[in-house]
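Trainee: pasting the structure only:
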């Protein structure tokens with residue numbers, strides 16, 4: 001579209017279909033809960049690049065992004081400040097019991113639309129579960145992680161706050177299940193969550209997909225997210 005408004009060109013091409021890794025059919029053994037309270041939108045998630053842009057990457061192929069909406073919008077005002085996003089500062093919860101194996105907490109939050117390439121994960125916490133499964137939560141708010149290496153966490157414990165650090169362009173909760181702590185390499189794994197609600201329907205066990213509104217099921221003991229004023 002040119003500066004005067006008319007369309008100068010239009011191209012139609014096939015949607016890219018990158019081959020999924022050998023982990024595409026992986027079934028995890030950790031009983032994962034969604035890493036937040038309240039109802040959130042799956043912004044990126046699932047199989048195929050239409051549902052999940054991370055499918056084009058090698059180490060984050062099954063990563064998921066969640067955002068919090070209010071009246072159908074993720075922010076109020078002109079979205080120039082992180083505080084205008086409803087999810088910014090919301091508690092991020094441990095998806096399952098485990099041991100903290102890595103923490104980064106001192107990276108400043110970006111202004112919306114201005115990601116930092118220096119430390120892509122930004123502030124983050126990595127939690128080891130059993131059977132070589134690890135939960136990675138990244139791009140957290142600066143100084144919101146109160147845990148340290150070797151601390152034990154229980155499912156639903158607050159581990160940080162939603163932020164906009166690292167290579168993040170806007171506040172959101174970024175979650176990935178993976179098969180190692182990062183050495184020698186990390187492979188992303190599909191995450192199956194237990195006892196959650198997707199678009200108003202209960203799901204005993206499943207993978208979330210882009211566009212769904214999801215929340216933990218009523219059996220979850222996590223409290224509702226505080227509403228931003």
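Mentor: Received it, and whenever you're ready, just let me know what you need. All values derive from a computational prediction rather than experimental measurement.
Trainee: switch to C-alpha atoms for all contacts and neighbour counts from now on
Mentor: Fine.
Trainee: check which helix or strand residue 80 maps to.
Mentor: According to DSSP states H and E, residue 80 maps onto no helix or strand at all.
Trainee: for the protein, name the helix or strand with the lowest mean pLDDT.
Mentor: strand 188-189 (a mean of 95; mean pLDDT, DSSP states H and E).
Trainee: low-confidence stretches in this structure?
Mentor: 3, 15-19, 220-229 (pLDDT under 70).
Trainee: distance of residue 13 relative to residue 104?
Mentor: Distance, residue 13 to residue 104, using C-alpha to C-alpha, to the nearest Å: 41 Å.
Trainee: comparing these two, which residue is more hemmed in?
Mentor: Neighbours were counted for residue 13 and for residue 104 using other C-alpha atoms under 10 Å; residue 104 has more, 20 against 5.
Trainee: the more buried one reaches residue 124, doesn't it?
Mentor: Yes - counting by C-alpha atoms under 8 Å, residue 104 does reach residue 124; the two are 5.1 Å apart.
Trainee: once you drop chain neighbours, what's closest to the spatially most central residue of the chain?
Mentor: Nearest to the mean C-alpha position of the chain, by C-alpha atoms, centre = their mean, lies residue 174 at 2.1 Å. Nearest residue to residue 174 in three dimensions, chain neighbours excluded: residue 65, at 4.6 Å (C-alpha to C-alpha, 6 or more residues apart in numbering).
Trainee: quick one: that neighbour and residue 170 touch, right?
Mentor: No - the pair residue 65 / residue 170 is not scored as a contact, 10.9 Å apart, by C-alpha under 8 Å.
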